[in-house]
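S.K.: Compute the structure for the input listed below.
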Amino acid sequence: MSVDAQPRRCGGATAGRWGAIPHRRLLDAVAAAVPADRLPRVETATVTHLLRPVPWQRRSGLVSLVSTAYPALAHRVATVVDGEFPGVRIATTARMSGRDDRDRFDVLVPSGRADEVLGWLARLWQTAAEQVGPHARPGLRTPAARTMWRAALLVANGSRRRSQVRVRVPDPAALTALTQAGDALGLAVHQHVRRGNSYFVTVDDPAQSVQLLRIVGAGPHAEAWVRDTAA
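M.R.: Numbering: from 1, shown residues only. Down below sits the predicted model:
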C-alpha cells in the first residue's frame, strides 16, 4: 500500500457547536477513541457507504473513495481496501480543504478498477448491515453497532442541536442499519424522511445522546455537552 501522507493529528470535520462544546473538539475525541474491539471492515463499509456519492476527483488516473479530515481514519480504510486488492495502489493524500483550514485525506484507487472496488464495498456494507441486525450473533452485534455509529458520526453531516444527536444518511438502507445499531446499544433511534430523498436518524433524548457519545468514545465531552443542554 502506498501512503503519501502518514497519519497525524488533525482537526475535526466541521466547525460549529453542540452546546458549549465545539463540534470539532467533540469529533476529535471520538476520532481518537479506537478500542481494541474495533472492527475495521465494519468501519470501512460505513464510511464509504455514508459518503456516497463519492467525490470522484481524478488525479493522474486516481479516484477518491473517501475524503476526511481524520488521517488515521483514512489510513485504516486504505489498509482494509489494500488487503482485499493486493497490487492496487492505495494512497492517502493530504490536501487543503477549501471550506476550512484543515487538511483533507483522500483514499484513492486507480480509476480503471474503481467499479470493482466499489462493488466489493457495496457487498461489504451489506455484511456490516447484517452484523448489526436483530439476527446477528450477540457477541458481534454490540461491537459492530458501536463501530458503525462511531464511523457515522465522523463522516456524516451531523446536527448541532443542543438536545439530540442527528446524522444524515444517503438511503433507506442506512436508516435501517443505524436504527438497528442503536437498538443493539439500547438506544431509541428515530428515522426521518424529508422531501427530496433526504434521510436522517436522530437520538432525541439528551441522556441517550450522551450515552451514545460515551459509547463511541467522546468521554467527558459528552457530559459537558448535556450539562450545557440542561442549563
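S.K.: which residues does the most centrally placed residue in the chain contact?
M.R.: For the chain, residue 151 is the residue whose C-alpha lies nearest the centre (C-alpha atoms, centre = their mean; 2.5 Å). By C-beta atoms under 8 Å, 6 or more residues apart in numbering, the contact set of residue 151 is 42, 43, 46, 47, 50, 73. All C-beta spots, glycine's among them, are computed from the backbone N, C-alpha and C.
S.K.: if you set the cut-off to 10 Å instead, what comes out?
M.R.: By C-beta atoms under 10 Å, 6 or more residues apart in numbering, the contact set of residue 151 is 30, 38-39, 42-50, 73, 76-77, 128, 216.
S.K.: Please, where are all the strands along the protein?
M.R.: All strands of the chain, identified by DSSP state E, fall at 17-18, 21-22, 62-68, 91-96, 103-110, 165-169, 190-194, 198-203.
S.K.: just to revisit the earlier point, leaving out chain neighbours, which residue sits closest to the residue nearest to the centre of the chain?
M.R.: residue 46 (3.9 Å; C-beta to C-beta, 6 or more residues apart in numbering).
S.K.: is it true that that neighbour touches residue 173?
M.R.: No. In this structure, residue 46 is not within contact of residue 173 by C-beta atoms under 10 Å, at 11.5 Å.
S.K.: More neighbours: those two, which one.
M.R.: The residue with more neighbours, out of residue 46 and residue 173, is residue 46; 32 against 14, by other C-beta atoms under 10 Å.
S.K.: Look up how far residue 72 lies from residue 32.
M.R.: 8 Å (C-beta to C-beta, to the nearest Å).
S.K.: quick one: which of those two has more around it?
M.R.: Remark: of residue 32 and residue 72, residue 72 carries more neighbours, 18 against 13, as counted by other C-beta under 10 Å.
S.K.: Hmm, the more buried one is touching residue 34, no?
M.R.: Yes. Using C-beta under 10 Å, residue 72 is in contact with residue 34, at 7.6 Å.
S.K.: which residues do those two both contact?
M.R.: With C-beta under 10 Å, 6+ apart as the test, residue 72 and residue 34 reach no residue in common.
S.K.: where in this structure is pLDDT low?
M.R.: Scanning the chain for pLDDT under 70 picks out 1-23, 53-59, 89-102, 157-163, 225-231.
S.K.: where's the residue nearest to residue 189 when sequence neighbours are not counted relative to residue 81, distance?
M.R.: Distance criterion C-beta to C-beta, 6+ apart; nearest residue to residue 189, sequence neighbours excluded, is residue 182 at 3.4 Å. To residue 81, residue 182 is 27 Å away according to C-beta to C-beta.
S.K.: and if you look at residue 63?
M.R.: Taking C-beta to C-beta, one finds residue 63 at 12 Å from residue 81.
S.K.: Same question for residue 221.
M.R.: Residue 221 is 31 Å from residue 81, by C-beta to C-beta.
S.K.: Nice, that's everything, thank you.
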